[in-house]
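mind folding the following:
(3 chains)
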Amino acid sequence: MDIIQPASRMTPGPDRRPGFMPWVPYPYTKPCCEPVAHIRAEQLSISYDSRQALQDVDLEINRGCITAVVGPSGCGKTSFLMSINRLTDLIPGCRVSGNLHIKELDVLAPITNLLHLRRMVGMIFQKPTVFPFSIRKNLELPLREHGTHDRTLMASAIEKVLQQVGLWNEVKDRLDRSAQALSGGQQQRLCLARALVLSPDVLLLDEPCSALDPISSGIVEDLIVSLRGHYTVLIVTHNLAQARRIADHVAFFWSFNGVGRLVEHGSAQEIFESPKEELTVAYISGMRG
Amino acid sequence: MISSSTNISSRSKSDCLLSWSVHLLALMAGGLLLLVLAFLLRESWPALQHIGPAHFFSDPDWYPTEDSYGLTAMVWGTLCVTVGSLLLAAPLGILSALFCHFYAPPLLGRWYRRMVELLAGIPSVVFGFWGLVVLVPIIGRWHPPGPSLLAGILILTFMIIPTIMLVAHSSIAQVPVAYIQSATALGFSRWSLIWHVILPTTKAGLFTGILLGLARALGETMAVLMVCGNVVRTPSHLFDPIRTLTANIALEMAYALGNHRASLFASGLLLMSLVVLFVSLAEGLRHRKIYAATK
Amino acid sequence: MRPQSRTIQEDSTTAIMWAAAAMVTCPFLWLIGDLLWNGVNQLSFSFLVSAPLNAGREGGIGPILFSTLLVVGVCMAVTVPMGLGTALFLSEYTRDDHFLGRLIRGSLDVLAGVPSIIFGLFGNALFCQVFGLGFSILSGGFTLACMVLPIVIRTVEESFRAIARDQRLSAAALGLSKPTTIRAIVLPAAMPGLLVGIILGLGRAIAETAALIFTSGYVDRMPESLMDSGRTLAVHIYDLAMNVAGGNPNAYATALVLVGLLLIINCSSSWIAARWTSFNQLPA
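Predicted structure coming up:
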């Protein structure tokens, strides 16, 4: 499958908006997961008002890999995910402390350009959240926002991402119809396409299959597997079987008296076949959580 | 390669512009209340300074052109008409809300609510006009002269019933269905359900509605101006004509000058402080958590 | 409690409920019926367009309708941008717990309860005297704007808040800036609520009398500019009923026109609100 063109190369001429720096994504040589840290969290803690949600997470996420974040509800998995593109800023009373780097970019620094960060880090939510307008406009809006206005460039980018998510043949005749008329699975794939159209480095998936029926869920899952090597993927999931099927790495979180902590992380094989911690053993065998 | 100095201005120009204009507009809207208060104070300052607040209550009569500024009769008039209409409107409004929820067939209940909403939208001048041409002559035939405290009370009652009823209606609608279901499962009659479950849980909502109705009755001008007769005299019974503070302002503002004008603004200030007090009380009640146990 | 006394109690409370409902309904029907009975005869096309004669006893309400339109137009021209801006501020630019937002919201709540006569006093002092606009359509419109602003802001803000959190989150996750989010996501989705808010404000403005009698004045001629005094429908009814002997027939007809206008406004806003809810319940 084709890697789509980075948005910076689709934009003719440099973008002159203040604070905007076109960036070039990492030039992947081969579609494979490499042992190079892409996202680095050190002593990352998240609290809501005075309640601690996540404490002292140290985690390195490798470039081009699919990392599954697993654990029981309320252990701070989603908070962790949302701190990576600083959606936590939108939650009243939420404070994030510690260090978080994507490559050299200090995510938590106040001067970080959020729009730029979020362009580099795509996110998909549990429920498909298409905007209430046409399929084409759903995909054009982020492109326009990030400086692409040329119609033919946009059309080709849209076709590419829709093919990438396997939606092109289903919707190519009705690009101007409402995106809300699509089925749940199609909507979720459209959301994925909408994130991919900005050619991000990192993709955050927050239980992307849990609101879908089994067949759509399977399609979306295959799609996620096809992203391996092209993007650094973080997926929160409750479904251990799914994590085992698709993940290269697994990070296991647990809630200790309401405070989430990272218990163990390693390659999927290590976690599922020879976990070190008793808690992990219990969780994986279905005895707890 | 991303964290360069250009990123310091993380907001684009249009974002800044919108943010500034929105902040400005919001501050203007929020400052409006202060502006209103400031102007009332400014305009009534001569009266407060030269006449003094005490005179408003110690002067026996209201002859502003002859330096007699007694507001007592009009304060009594305002109080009587407000309290009288509240005594009628509170039970009628609450009973109407209960009727809508528990006694009327669903379709009729919906229509009844629509009707009360329409009633809320009828302008006060139309109420006043109807009172003047229909109600006042009827009262006049029964007990002359006709324009009276009673007419004011009746008209105001119909004007504040919608306020009380609609607030009560929405707070009854918020009672968790589980309460009603479990009371019904226990074999409660309709009335016991209302008396033991609905009324206790909606107390705060009902009281809010009554306070808002009170504020509306206090501030109402046109209807009472048209039906109450506007004689400055402390009422001794229901058929006496009265003049309220609001009607006094509306009647005399057009030609008032100097201290007279300032004393009208002072009575406006008095009215405003009362209304602000009641509305803040009502808002405080409305925002209080009523159903702590529910989700 | 014995079963018999219980049925008696149930029956009597039921009777009381129905009686209360009847006591509210009858005067309402009486009022509407009376307006229709006495007003419909006077009503005609020429009544709507011709000028009032003989202090309004004869002739029509043409200039008065026009003045009403102007006053309400001025009011809306001020209210809509201010209301929209403030509502955007309250829902998009502050957090719920922010003190400035709470302060503004609280002051608007109180302002919503301030009697219209107070706004009349305020408008007279500020617009007529300090700004030197005199008794004019501009003064009246500005005064009404102050009065309806809290209602408009409230409704519009609520419609902004009703937009699902998911939509805002995914807009942010795509790196859409705030202006883009507002323009592309918030405003289109909140459009019906915006309309309802504006229409509600319009209704309040048209119905108002007390705030206008000493800001926009009494003059019943056709206004030549916004600096002219102009008489609105509500003020016309008041004047005919109180100050003009024999003005009742035309007052009835004017009241009917006013109530009819408000009825149209009321129905259109509930129609929009109803369509809006059914629109939002489409499968997401």
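
torsion angles phi and psi at the residue nearest the centre of chain B?
Note on chain B: the residue nearest the mean C-alpha position is B:R216, at 1.6 Å, using C-alpha atoms, centre = their mean. The phi and psi values for B:R216, taken as degrees, to the nearest 10, are phi -70, psi -40.

that one touches B:T163, doesn't it?
Yes. Taking contacts as C-beta atoms under 8 Å, B:R216 lies within contact range of B:T163: 5.5 Å. (C-beta placed from N, C-alpha, C; glycine too.)

now the closest residue to B:P53 other than its chain neighbours: which helix or strand?
Spatial nearest neighbour of B:P53, excluding adjacent residues (C-beta to C-beta, 6 or more residues apart in numbering or on different chains): B:A266 at 7.8 Å. Taking DSSP states H and E as the definition, B:A266 sits inside helix B:258-287.

helix or strand for the residue most central in space within chain C, just tell me which one.
In chain C, the centroid-proximal residue (C-alpha atoms, centre = their mean) is C:R204; its distance is 2.1 Å. When secondary structure is defined by DSSP H and E, C:R204 falls within helix C:187-207.

what residues of that helix count as buried?
C:189-190, C:192-207 (16 or more other C-beta atoms under 10 Å in any protein chain shown).

what count of nearby residues applies to the residue nearest to B:P53?
By other C-beta atoms under 10 Å in any protein chain shown, the residues close to B:A266 number 24.

what about the helices in the chain?
In the absence of a named chain, this looks at chain A. Ranges of helices in chain A, per DSSP state H, are A:7-10, A:77-84, A:114-120, A:135-145, A:151-164, A:168-171, A:184-196, A:214-226, A:240-246, A:268-273, A:278-284.

my question was about chain B, not that one.
B:13-46, B:53-58, B:72-98, B:106-121, B:124-130, B:136-142, B:149-173, B:177-185, B:190-192, B:199-219, B:222-227, B:245-252, B:258-287.

low-confidence ranges in the stretch 151-289 of chain A?
A:287-289 (pLDDT under 70).

contact residues of it facing chain C?
Residues of the stretch 151-289 of chain A found near chain C, taking C-beta under 8 Å from any C-beta of the partner chain as the criterion, are A:Q180, A:C191, A:R194, A:A195, A:L198, A:L204.

looking at it, the residue nearest to B:P53 is touching B:A47, isn't it?
Yes. Between B:A266 and B:A47 there is a contact under C-beta under 8 Å: 4.6 Å.

which residues touch residue 139?
Answering for chain A, as no chain was given. Counting by C-beta atoms under 8 Å, 6 or more residues apart in numbering or on different chains, A:L139 makes contact with A:M154, A:A157, A:I158, A:V161, A:L162, A:L190, A:A193, A:R194, A:V197.

wrong chain, I was asking about chain C
So C:S139 contacts C:G123, C:N124, C:F127, C:C128, C:F131, C:L133, C:T215, C:S216 (C-beta under 8 Å, 6+ apart).

and it, how close does it get to C:V78?
12 Å (C-beta to C-beta, to the nearest Å).

go on, A:G185?
From A:G185 to C:V78 the distance is 49 Å (C-beta to C-beta).

next: C:L103.
Taken as C-beta to C-beta, the span from C:L103 to C:V78 is 22 Å.

compare these two (neighbour count), which wins?
C:V78 (18 against 12).
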